[in-house]
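In: Need a 3D model of the following:
(chains A and B)
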Amino acid sequence: MPLVPAAEDSLPAEVRLRDLRANDVPVSIVARVVTAERREIVRKSDGGRRPVLSGLLSDGTASVRFTWWDPPSDPIERGEVLRAVNVQVREFQGRVELTFNWKSRVAPAGDADLPKVNPEDIPLRPLAELRSGDDWFRVVARIVRVAPKTVSVGEERRLLHEGVIADSSGAVAFTAWSDFGLSPGEAIDVSGGYARAFRGRPQLVLDERSTVRRVPGEGLPSAESATRGLSRRISDIEATGGGELLELRGVIVALLPPSGLVHRCPECRRAVRQGLCRVHGTVQPEPDLRARLVVDDGTGTLTVNAGRPETERLWGRTLEQCLQTMRENPDPTLLEEQLFEAVFGRRIVVRGRGSADDFGVTVYPESIEVEAMDPVARARSIAGALGGSPG
Amino acid sequence: MSGRETAWRVLAQEFGASIEEEKAVGERAASYLLSPLGARMNRVLVSGVLSPGEAVGRDPENPFYRAKLTDPTGTVSVTAGGFNPRALAVLRSVTIPTPAIVVGKVHLFRGRDGTAYSSVRAESIRAASPEEVRGHLADAVEQTAERIRLLAELSNDPLQSSASAGGFPQLWVKSAREAKRRYPTVDIGTFRTPLREALRTISGELPLTAPIGPALTPAPAEAGAPAPSVRITRLAPPPPPPTATAAERAEESALLDVIDQLAEKSADGYAALNEVVRAAARTGVTSDRVEELLGRLEESGAVEEPVVGRLRRA
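Out: As a prediction, the model looks like this:
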């Protein structure tokens, strides 16, 4: 009987998740469990049940989905570091996945076993070039704003920090699932995050795997200047599908329904129809003002969803005055008509965030200001621009 | 993105000179009017002084109004019908020349002789302060100047890729190329010069121009029928007397004969107004008198003038 080398001797080399390639060669990895969910797969042929644990693994170089057939009954916790030997690498829908089967052997490991990643090796990416699904990038940016928020994930309540960061190329929203102690105005160098689509825009997600370092932040815009950006053409905003910290100038050319006086559910603020809320049933509706403004600058057009304070300011009428009008003349279309008369053709400056869907870009404003027409100054500046070209 | 059509900022001169269409293909596809300067218009925002609206068409169930909007470079025909009750109400209520802004859909009518007449089917009209109108005119002048600059850049460097056509919206670059192809002989200079004049209006040095002459005679045509070309203007006749004597009726029928004869000979089936005046002059009828008679005939519906200056028996 020929000598067969022991299985241990032929251990495949440890591979960084970033370097995984889908082929038939089993690999060995060390990675942290990011998410893990236990399920049972029912075989169609005989109804047999087979337990499976699936989720996301990360080693700091990349995040990869994994499927573990017949996992041990001991709970596998999020954050645990595992060493897995003889793991199958497959490709599913263009992305690499790992499969742990009966041939695989899995053992606990420590943080020290994770591959060493030098943040400087990770390519630096301008925020404007982030695309949903990206990972393995580093960004250096200024925190424009950040605020804590509590959300429900399944049955669990979790605290996260949401905000906006900006560099000279642009701004993106971020969500930090771990508390990095971020505060507005700080310049940070972030690696180990990933970008995902949120409201049609890439958003930076930071969690336990991410590294945040404070940096001096030379060359980055200040938090104030980032929020007072230069106005962008609407065609440009349409091309990028919205964005954070937008500023745009345009003329109100139309109103979309519902605009004017609306009634909302006191619980969820949804619009109430015939005294019925879609979720809460019969409710005592609360009156509110809103305006869906179609804003156009001659290069493009988008919708600005104005809430009550902005609508009152643009219209020059308060909710109470509108309710009074309704008592005198209970025709809601009259109010909409009057609102339209008040806003049509006005030039406004809008700041806020925007997202795109099939109907175009919608902007959720932080501020709307009416801009004076000032034709004399405009004539002077245009004359200056015309001066360059031979008349 | 299947978004809403942008309201292009154009001046009357560029709008009136636009005759090239991009016809819709497929379901609910939009049509566009391409200007010589590369504005690809489905919707426009125009501003100026609005003349009193005139009823077009005789069907009281289907009201259709037309008015002229004059800016420093010319006149745009603005219409509104029952589908836009809000805009229609404004056209009805304007009784004296009024500064106004208009947002509407572009409409192009091609006469039987192939002449193109563009007009704006108003979606929204609002009377505005002269200051506001001047502000909107500033936008139009600025964006017209930008289109001219883009065309000049494309001419200097025809191979310039759309990416490098510095800072212009992509659609503008595409439309400018198309405009150069479809209007190969246009002299851009004729559009550049009026911009300086327009700036004098915007700065307040010149007043906002009132529409040239009094309002047009109502032309009894079907709703949706041609609007007048912005390039043809004429003085409207004085209001017709309430009743016609037998002698006047004779004059009218003589004039109708003249119109019939001329219409028969003409290529598009319409008699030209100036030829009618000339032919009538030979029988001793003054041009003022012709205007007066025509006004009455049009009022009564005997003659229609779907396009200004083109007449035929209704």
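In: going forward, measure contacts between C-alpha atoms and count neighbours the same way
Out: Fine.
In: tell me the domain ranges of chain A?
Out: Annotated domains of chain A cover A:7-113, A:119-221, A:229-376 [automatic domain parsing].
In: Of all those, which one is nearest A:Gly387?
Out: A:Gly387 lies closest to domain A:229-376 among the domains of chain A, at 16.5 Å (C-alpha to C-alpha).
In: what about the closest one and chain B, touching?
Out: Yes. Using C-alpha under 8 Å from any C-alpha of the partner chain, domain A:229-376 reaches chain B at A:235-236, A:253-254, A:296-302, A:341, A:344-345, A:358-360, A:373-376.
In: At which residues are the helices of chain A located?
Out: A:223-227, A:234-240, A:308-315, A:319-328, A:332-343, A:375-387 (DSSP state H).
In: Compute the mean per-residue pLDDT across the fourth one, please.
Out: Here helix A:319-328 scores 94 as its mean pLDDT.
In: buried sites along that helix?
Out: A:319, A:322-323 (16 or more other C-alpha atoms under 10 Å in any protein chain shown).
In: And that helix, what does it pack against?
Out: strand A:286-296, helix A:332-343 (3 or more C-alpha pairs under 8 Å, 6 or more residues apart in numbering or on different chains; DSSP states H and E).
In: Show me just the buried residues among the residues of domain A:229-376 next to chain B.
Out: Buried subset of the residues of domain A:229-376 next to chain B (neighbour count, 16+ other C-alpha under 10 Å): A:235-236, A:253-254, A:296-302, A:341, A:344-345, A:360, A:373, A:375-376.
In: part of a helix, is B:Gly114?
Out: No. Read with DSSP: H, G, I helix; E, B strand; the rest coil, B:Gly114 is coil and lies in no helix.
In: Spit out the contact partners of B:Leu151.
Out: Contact analysis of B:Leu151 by C-alpha atoms under 8 Å, 6 or more residues apart in numbering or on different chains lists B:37, B:176-177, B:180.
In: can you rerun that using 7 Å?
Out: Applying C-alpha atoms under 7 Å, 6 or more residues apart in numbering or on different chains to B:Leu151 gives the contacts B:Ala176.
In: Specify the local secondary structure of it.
Out: Classification of B:Leu151 using three-state DSSP returns helix.
In: Could you report the neighbour count for the residue of the stretch 151-300 of chain B found nearest chain A?
Out: Ranked by C-alpha to the nearest C-alpha, the top residue of the stretch 151-300 of chain B for proximity to chain A is B:Ser203, at 4.3 Å. Using other C-alpha atoms under 10 Å in any protein chain shown, B:Ser203 has 20 other residues around it.
In: Would you state the strands of the stretch 151-300 of chain B in chain order?
Out: In the stretch 151-300 of chain B, the strands defined using DSSP state E, counting those that start in this stretch lie at B:271-272.
In: So, low pLDDT: which residues of it?
Out: For the stretch 151-300 of chain B, applying pLDDT under 70 flags the ranges B:158-166, B:209-244.
In: Do I have it right that A:Lys103 meets A:Val85?
Out: No. Using C-alpha atoms under 7 Å as the test, A:Lys103 is too far from A:Val85 to be in contact (8.5 Å).
In: who's more crowded, the two?
Out: A:Val85 (22 against 11).
In: which residues make contact with stretch A:291-309 from outside it?
Out: Contacts of stretch A:291-309 (C-alpha under 7 Å, 6+ apart): A:233-235, A:249-257, A:259-260, A:288-290, A:311, A:360-365, B:4, B:6-9, B:169.
In: and what of stretch A:369-384?
Out: Stretch A:369-384 has contacts (C-alpha under 7 Å, 6+ apart) with A:346-350, B:131-132, B:134-135, B:138, B:142, B:199, B:202-204.
In: at 8 Å instead, please
Out: The contact list for stretch A:369-384, computed with C-alpha under 8 Å, 6+ apart, reads A:314, A:346-350, B:131-132, B:134-136, B:138, B:142, B:196, B:199-200, B:202-204.
In: ditto for stretch A:233-242
Out: Residues outside stretch A:233-242 that contact it (C-alpha under 8 Å, 6+ apart) are A:200-201, A:243, A:248-249, A:296-297, A:299-302, A:353-356, A:360-363, B:169.
In: Run through the strands of the stretch 151-300 of chain A in chain order.
Out: Under the criterion DSSP E, counting those that start in this stretch, the stretch 151-300 of chain A carries strands at the ranges A:156-167, A:170-176, A:187-191, A:194-198, A:201-206, A:211-214, A:242-264, A:276-277, A:281-282, A:286-296.
In: can you list the ones you listed in JSON lines and add mean pLDDT?
Out: Below are these laid out as JSON lines (pLDDT from 0 to 100):
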{"stretch": "strand A:156-167", "mean pLDDT": "92"}
{"stretch": "strand A:170-176", "mean pLDDT": "93"}
{"stretch": "strand A:187-191", "mean pLDDT": "93"}
{"stretch": "strand A:194-198", "mean pLDDT": "87"}
{"stretch": "strand A:201-206", "mean pLDDT": "91"}
{"stretch": "strand A:211-214", "mean pLDDT": "92"}
{"stretch": "strand A:242-264", "mean pLDDT": "93"}
{"stretch": "strand A:276-277", "mean pLDDT": "89"}
{"stretch": "strand A:281-282", "mean pLDDT": "89"}
{"stretch": "strand A:286-296", "mean pLDDT": "96"}
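In: how about the ones you listed, which one is nearest A:Leu20?
Out: Nearest to A:Leu20 among these is strand A:194-198 (17.9 Å), distances taken as C-alpha to C-alpha.
In: any idea which element the residue nearest the centre of chain B lies in?
Out: Nearest to the mean C-alpha position of chain B, counting by C-alpha atoms, centre = their mean, stands B:Ser77 at 3.3 Å. If you go by DSSP states H and E, B:Ser77 is part of strand B:74-81.
In: Let me know the average pLDDT across that strand.
Out: Mean predicted confidence for strand B:74-81 is 95.
In: Any buried residues in whatever helix or strand comes next after it, and which?
Out: Heading C-terminal from strand B:74-81, the first helix or strand you meet, by DSSP H and E, is helix B:85-93. Buried residues in helix B:85-93, counting neighbours by 16+ other C-alpha under 10 Å, are found at B:85-92.
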